[in-house]
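Asker: Everything below, folded, please.
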Amino acid sequence: MKRILVWHLPRFKDGDSSQGPRYYADADYLPGAVRLHARQAPADGDLKVDIRDDGTSIFTSNYAALNKDGTLEENAEDYPAAQPFINEGSAITLHVMEMANSEDITCELELYSVDDEEDESDE
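Answerer: As a prediction, this is how the structure comes out:
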């Protein structure tokens, strides 16, 4: 089963607290692609976001970024060699690390059910 989590932030809250909804994993998942969209492109650098699983970043060294003057970025993020595993019941949150004067942003995270992968390998 594929699931997409969406955070839409028409306005930004100051600080490193989570932004937008907090999601709870209803199954065990592996993260896939991350998409960042902005109505107003970042003008003062790059928009950078972090996605956290129970408070720990799912990325290794770099945050997901939307480059200066861009309005859409889609990529498979910098996951560790041992891809992060999101456990059922985990809280998944979005944190904006650098806003760079962008506005009206949306972040999407694809999730793939671990159970589906196990079912496919049994066939």
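
Asker: wouldn't S90 be in contact with D54 here?
Answerer: Yes. S90 is within contact range of D54, at 5.0 Å (criterion: CB atoms under 8 Å). Glycine gets a C-beta too; all of them are placed from N, C-alpha and C.

Asker: More neighbours: which of these two?
Answerer: With neighbours defined as other CB atoms under 10 Å, S90 and D54 compare such that S90 has more, 18 against 12.

Asker: Summarise which helices and strands the helix or strand harbouring T106 is packed against.
Answerer: According to DSSP states H and E, T106 maps onto strand 103-113. On a contact count with 3 or more CB pairs under 8 Å, 6 or more residues apart in numbering; DSSP states H and E, strand 103-113 meets strand 2-9, strand 29-40, strand 47-53, strand 91-98.

Asker: what's the most buried one of those strands?
Answerer: Comparing the helices and strands packed on strand 103-113 on average neighbours per residue, with mean count of other CB atoms under 10 Å, the densest one is strand 47-53 at a mean of 21.

Asker: what angle do it and strand 29-40 make?
Answerer: 150 degrees (axes from the mean of the first three to the mean of the last three CA atoms, to 10 degrees).

Asker: before we move on, back to that, pLDDT on the strand holding T106, on average?
Answerer: Strand 103-113 carries an average pLDDT of 92.

Asker: how about the CA coordinates for it, as CSV?
Answerer: Extracted C-alpha coordinates of strand 103-113, given in CSV (Å, rounded to 0.1, in the frame of the first residue of the first chain):
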residue,chain,number,x,y,z
GLU,A,103,5.3,31.4,0.9
ASP,A,104,2.4,29.0,0.8
ILE,A,105,4.4,25.7,0.8
THR,A,106,3.3,22.1,0.5
CYS,A,107,5.4,19.1,1.3
GLU,A,108,4.5,15.5,0.4
LEU,A,109,6.1,12.3,1.6
GLU,A,110,5.4,9.0,-0.1
LEU,A,111,5.3,6.0,2.2
TYR,A,112,5.4,2.3,1.2
SER,A,113,3.9,-0.3,3.4
